[in-house]
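A.B. asks: Just the structure for this:
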Amino acid sequence: MPGQSVFPALEPLLEQVSKPIQYVGGELNSTVKPWDLAGDHTVRWSLMYPDAYEVGVPNQGVMILYEVLNERDDALAERTYAVWPDLEALMREHGVPQFTVDAHRPVGDFDVLGLSFSTELGYTNMLTALDLAGIPLHAADRDDSHPVVVAGGHAAFNPEPVADFVDCAVVGDGEEAVLAITDIIGDWKREGRPGGRHELLLRLARTGGVYVPRFYDVTYLPDGRIQRVAPNTAGVPWRVSKHTVMDLDAWPYPKQPLVPLAESVHERMSVEIFRGCTRGCRFCQAGMITRPVRERSITGIGEMVERGLAATGFEEVGLLSLSSADHSEIADVTKGLADRYEGTNTGLSLPSTRVDAFNIDLANELTRNGRRSGLTFAPEGGSERIRKVINKMVSEEDLIRTVSAAYGAGWRQVKLYFMCGLPTETDEDVLQIAELAKKVIETGREVSGRRDIRCTVSIGGFVPKPHTPFQWAAQLGAEETDARLDKLRQAIRSDRRYGSSIGFRYHDGKPGIVEGLLSRGDRRVGRVIEAVWRDGGRFDGWSEHFSYERWMEAAGRVLPEVGVDVAWYTTREREEAEVLPWDHIDSGLDKEWLWQDWLDSLDETEVEDCRWTPCFDCGVCPQMNTEIEIGPTGKTLLPLTVLGAGRERMAEAGAGHTHA
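C.D. replies: A predicted model of the protein is given here:
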C-alpha cells in the first residue's frame with residue numbers, strides 16, 4: 001500500500017545511530033494528514049532540505065511551503081532530510097527507503113519531491129536521497145510511478161549542473177509557485193493522467209515559470225563554450241521567469257513555526273521582515289536575484305511575532321532579511337517589540353546588520369531584555385578601494401564609529417566578516433584587514449577603558465555567482481587564496497599588542513573551488529557530481545566530510561572527455577559575448593546592465609541604492625511586472641499589549657491616575 005509508514009522497520013535501526021531523535025518526527029506544529037484525503041486526486045509533496053535535520057528543520061523556505069501546501073484540502077506535504085552515513089548504511093542493509101519525518105512514508109510514494117538548494121554543496125545529498133528512495137538518478141530513466149523531482153532555492157538560478165537529475169526547476173519565491181504546480185498536477189490526475197509523465201512536464205514547462213531541462217537542447221562550440229540553449233518542443237518558452245510574491249502581508253507564513261525536538265542550528269522563531277535588497281553589492285547573488293525590495297508592514301510583523309511566540313514558546317525572535325536594519329521602520333519595529341515584550345524572557349535579534357545602518361539606539365532596543373550577545377558586521381573588503389570594487393559602501397570611518405558606539409555601550413565582542421579573492425584584489429587589500437582589526441581593538445579599549453575587548457575576524461573565499469556583475473570574473477585559485485590568508489594571519493599575530501585580542505577564523509580555498517565549479521557549471525558538470533557521489537561523496541558542506549581530493553580526482557577523470565577542466569569553470573574570466581549556462585533563466589536583470597556594473601566595478605565606481613534614488617534600470621521591475629514596496633506606513637504596533645513587568649507598571653500608573 002502506498003503511503004504506509006516504514007517506522008516499524010526503521011525503529012530498530014535508530015538505537016545504532018548517532019542522534020536518533022532527528023529521525024522520529026513529532027515536532028510541535030508538525031502536520032500529518034491522511035494519505036487519501038482527497039481520494040486519488042490528492043497531490044502529495046515531499047519537501048527536502050538536502051542537509052542534516054539540525055540545519056534543515058529551521059529553514060524558513062521549507063517551513064513556509066510546508067504550511068502553505070498543508071492548508072489545502074487536496075494536498076499534503078511532509079518533510080525529509082539527508083540521513084547521516086551511519087543510518088544510510090543501515091537503511092541499505094535492511095531495505096528501508098528514504099522516508100519523511102512526519103509520517104515516515106517512503107519518499108518514492110509521493111507525487112513530488114521538492115528540493116530547496118540554498119547552496120550547491122547539497123547536490124550529492126540529493127543523489128543519496130534519490131537512490132535511497134528508489135528513484136532513478138537520471139530524470140530520463142523515470143516513469144509515471146516516480147515522483148516529479150523539482151529543484152528550488154537560490155542555487156536553482158543555475159540548474160544546469162543538476163539538469164540530468166531533476167525533472168524541473170522553479171526560481172524565485174515558492175509560495176504561489178507550489179500552489180500553481182499543485183493545481184496542474186491535480187488537474188492532470190483528475191483527467192486520468194493523460195499522456196503520462198511527459199504530458200505533465202510539458203504542461204508545467206508551458207507555464208513559462210517552470211524550467212524542464214529535457215525540453216531544451218544545449219550545443220557547444222569547439223572551444224567548449226556554449227553555442228546556444230534552445231527549446232526542442234513546441235510551446236516551450238526560450239526563457240523561464242522567476243516568481244515574485246508581492247504584498248508580503250498577504251503571506252504571513254509560517255503561522256505555526258516548527259519547534260524541533262532535537263537541537264538545531266537556530267533555536268529561535270524567525271519573522272522575515274522584508275524580501276529583496278537593492279544595495280547592489282556586486283558579489284551578492286541573494287541581493288540580485290530577490291529584487292525588488294518588498295517590506296512587510298510594521299503591523300504585519302507585530303502580528304506574526306505575537307502569533308509565532310504563542311505557537312512555539314521560543315524566547316528569541318529573529319528579524320530576518322538580507323539587511324534587516326534597512327527596513328524603513330526598523331526603529332519603530334524594534335522599539336515597539338521591545339516595549340511589548342519588556343519584562344518577559346523574549347529577546348530580539350537582527351541576524352544581518354550593515355555597519356552604516358546600525359546605531360546604538362537600535363542596539364539598545366535589541367538588548368533591553370538583558371541579552372547581549374556579540375555583534376556581527378560584514379565590511380566584506382579590507383581596503384576602501386576593494387569596497388568600492390564590490391560596491392560595499394562602508395568607509396573605515398563608518399566602521400570605527402559603529403564599533404566605538406558598541407564598545408562604549410557595554411559590548412565586549414565584535415565579529416567582522418570579510419572575503420578573500422575578490423576581483424582585482426591584491427595582497428595589500430587583504431593585509432588591510434589586519435590594520436582594521438587592530439584599530440577596532442584600539443578603539444574599543446579607548447572608549448570602554450577596558451582591556452578585555454575582543455574582535456573576531458572571519459574570512460570566506462569569494463565565489464563568483466550567476467546573475468551578478470561578477471558572473472564573468474575569474475575566481476582566485478585555492479593555493480593563491482591560502483597564501484594570501486597565511487600572510488594575513490602572520491600580520492595579525494605579529495603585533496603582540498593586539499594579537500591575543502583578535503580571533504581569526506577562515507576557510508581554506510579548496511571548498512570555494514568546488515562551489516565555484518558547481519555554481520557556474522553547465523550540464524557537463526553533472527557527471528562530476530555523479531562520479532563524486534559514487535566515490536562516497538556526502539555532506540560536502542561539512543568540513544569533516546568534504547574531500548577536495550575526491551572532487552578533483554573525479555573531475556580529472558570525467559571532464560577531459562568533454563574537453564574542459566575545473567580551471568575552465570573557475571579561474572577563467574568570461575567575455576561579454578559568451579553564452580552563460582544560466583542565460584535562459586530570467587531573473588529580471590538585464591545582462592547588459594550586469595555587464596555595465598561589472599565594468600563599473602573595474603573602474604571602482606559606486607552605485608547608490610535605488611530604494612532612495614532614481615531607478616538605475618536594472619530591468620527587474622518592468623520585466624517581472626513588480627515594484628519596490630517600502631514604508632514608512634506611519635503605523636505603530638498598537639493596539640499594544642504590554643506583557644510581563646511592563647503590565648504591572650502600567651497597572652501602577654493607572655492606579656495612581658485614578659487616585660489623583
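A.B. asks: Report all helices and strands that the strand or helix carrying residue 416 contacts.
C.D. replies: Element membership for residue 416, per DSSP states H and E: strand 413-420. Applying 3 or more Cβ pairs under 8 Å, 6 or more residues apart in numbering; DSSP states H and E, one finds that strand 413-420 contacts strand 375-380, helix 396-408, helix 427-448, strand 454-461, helix 478-494. Using the backbone N, CA and C atoms, a C-beta is placed for each residue, glycine as well.
A.B. asks: want to try CSV for those, with distance to residue 234 and mean pLDDT as columns?
C.D. replies: Converted to CSV, those look like this (distance: least, Cβ to Cβ, whole Å; pLDDT from 0 to 100):
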stretch, distance to residue 234, mean pLDDT
strand 375-380, 47, 88
helix 396-408, 56, 89
helix 427-448, 52, 95
strand 454-461, 44, 94
helix 478-494, 46, 95
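A.B. asks: For these, could you give me JSON lines that also reports distance to residue 570 and mean neighbour count?
C.D. replies: Output for these, formatted as JSON lines (distance: least, Cβ to Cβ, whole Å; neighbours: other Cβ atoms under 10 Å):
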{"stretch": "strand 375-380", "distance to residue 570": "20", "mean neighbour count": "20"}
{"stretch": "helix 396-408", "distance to residue 570": "31", "mean neighbour count": "19"}
{"stretch": "helix 427-448", "distance to residue 570": "19", "mean neighbour count": "20"}
{"stretch": "strand 454-461", "distance to residue 570": "11", "mean neighbour count": "20"}
{"stretch": "helix 478-494", "distance to residue 570": "9", "mean neighbour count": "17"}
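A.B. asks: re the thing from before, report the mean per-residue pLDDT for the strand holding residue 416.
C.D. replies: Here strand 413-420 scores 93 as its mean pLDDT.
A.B. asks: Can I get the helices and strands packed on strand 413-420 in CSV including distance to residue 248?
C.D. replies: CSV is the format used below for the helices and strands packed on strand 413-420 (distance: least, Cβ to Cβ, whole Å):
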stretch, distance to residue 248
strand 375-380, 24
helix 396-408, 29
helix 427-448, 36
strand 454-461, 29
helix 478-494, 38
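A.B. asks: out of these, nearest to residue 185?
C.D. replies: Closest approach to residue 185 among those (Cβ to Cβ): strand 454-461, 39.3 Å.
A.B. asks: List the contacts of that closest one.
C.D. replies: Identification of contacts with strand 454-461 by Cβ atoms under 8 Å, 6 or more residues apart in numbering yields 374, 403, 412-421, 433, 437, 440-441, 444, 476, 481, 485, 488, 492, 501-509, 511-512.
A.B. asks: Repeat that for stretch 208-222.
C.D. replies: For stretch 208-222, contacts defined as Cβ under 8 Å, 6+ apart pick out 139-140, 150, 159-160, 163-164, 166-171, 177, 180-181, 201-202, 204-205, 226-233, 236-237, 240-243, 522-523, 584-585.
A.B. asks: just stretch 295-303 next, same as before
C.D. replies: Outside stretch 295-303, the residues touching it (Cβ under 8 Å, 6+ apart) are 248-249, 252, 271-274, 304, 319, 327-329, 332-333, 336-337, 340, 629-631, 633, 635-637.
A.B. asks: So how do I select the buried members of these in PyMOL?
C.D. replies: Here is the PyMOL command that selects only those of the contacts of stretch 295-303 that count as buried (16 or more other Cβ atoms under 10 Å):
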select buried, resi 248+252+271+272+273+274+304+319+327+328+329+332+333+336+337+340+629+630+631+636+637
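A.B. asks: Tell me which entries of the contacts of stretch 295-303 lie within helices.
C.D. replies: Secondary structure from DSSP state H places 304, 332, 333, 336, 337, 340 of the contacts of stretch 295-303 in helices.
A.B. asks: Can you tell me the SS state at the residue nearest to the fifth one when sequence neighbours are not counted?
C.D. replies: Spelled out, it's residue 337. Leaving aside its chain neighbours, residue 337 sits nearest to residue 348 (5.8 Å; criterion: Cβ to Cβ, 6 or more residues apart in numbering). Classification of residue 348 using DSSP: H, G, I helix; E, B strand; the rest coil returns strand.
A.B. asks: partners of residue 348 in the sheet?
C.D. replies: On the basis of DSSP bridges, residue 348 is bridged to residue 317.
A.B. asks: number of nearby residues for residue 562?
C.D. replies: Counted with other Cβ atoms under 10 Å, the neighbours of residue 562 add up to 14.
A.B. asks: next one: the one 3 residues further on
C.D. replies: Other residues near residue 565 come to 16 when the count uses other Cβ under 10 Å.
A.B. asks: cool, and residue 40?
C.D. replies: Neighbours of residue 40 (other Cβ under 10 Å): 9.
A.B. asks: Bridged to it, which residues?
C.D. replies: Beta bridges link residue 40 to residue 38, judged by DSSP bridges.
A.B. asks: Quick check: it touching residue 189?
C.D. replies: Yes: Residue 40 is in contact with residue 189 according to Cβ atoms under 8 Å; the separation is 6.5 Å.
A.B. asks: still on that earlier bit, tell me the two of the ones in helices among the contacts of stretch 295-303 that are most distant?
C.D. replies: Spanning the widest gap among those are 304 and 332, at 15.6 Å by Cβ to Cβ.
A.B. asks: Quick one: end-to-end length of stretch 357-369, please.
C.D. replies: Stretch 357-369 has an end-to-end distance of 22 Å (Cα to Cα, to the nearest Å).
A.B. asks: can you check stretch 189-205 too?
C.D. replies: This stretch, stretch 189-205, spans 17 Å end to end (Cα to Cα).
A.B. asks: Outside of it itself, list whatever touches it.
C.D. replies: Counting by Cβ under 8 Å, 6+ apart, residues outside stretch 189-205 touching it are 40-41, 43, 111, 142-144, 146, 148, 167-168, 181, 184-185, 188, 210-212, 214-215, 233, 235-237.
A.B. asks: Looking at those residues, which are in strands?
C.D. replies: Using DSSP state E, the subset of the contacts of stretch 189-205 located in strands is 40, 43, 148, 168.
A.B. asks: how about residue 530, what does it touch?
C.D. replies: 127, 137, 164, 165.
A.B. asks: Which of the helices or strands spans it?
C.D. replies: helix 526-534.
A.B. asks: who touches the next helix or strand after that helix?
C.D. replies: Next helix or strand after helix 526-534 toward the C-terminus (DSSP H and E): helix 548-558. Outside helix 548-558, the residues that touch it by Cβ under 8 Å, 6+ apart are 478, 510-511, 513-514, 517, 527-528, 531-532, 535-537, 540, 565-566.
A.B. asks: Would you mind listing which of those residues are buried?
C.D. replies: Buried among the contacts of helix 548-558 (16+ other Cβ under 10 Å): 478, 510-511, 513-514, 517, 527-528, 531-532, 537, 540, 565-566.
A.B. asks: farthest pair in those residues?
C.D. replies: Farthest apart among the buried ones among the contacts of helix 548-558 by Cβ to Cβ are 478 and 527. That separation is 21.8 Å.
A.B. asks: hang on, the earlier thing: give me the buried entries from the contacts of stretch 189-205.
C.D. replies: Among these, the ones that count as buried by 16+ other Cβ under 10 Å are 41, 43, 111, 142, 146, 148, 167-168, 181, 184-185, 188, 210-212, 214-215, 236-237.
A.B. asks: between the ones in helices among the contacts of stretch 295-303, which is closest to residue 624?
C.D. replies: Nearest to residue 624 among the ones in helices among the contacts of stretch 295-303 is residue 304, at 25.2 Å by Cβ to Cβ.
A.B. asks: Identify the residues contacting that closest one.
C.D. replies: Contact analysis of residue 304 by Cβ under 8 Å, 6+ apart lists 252, 255, 271, 296.
A.B. asks: at 6 Å instead, please
C.D. replies: For residue 304, the contact set (Cβ atoms under 6 Å, 6 or more residues apart in numbering) comprises 252, 271.
A.B. asks: Residue 383 too?
C.D. replies: Residue 383 is in contact with 429, 432, counting by Cβ under 6 Å, 6+ apart.
A.B. asks: Count the neighbours of residue 568 for me.
C.D. replies: Applying other Cβ under 10 Å, we find 16 residues neighbouring residue 568.
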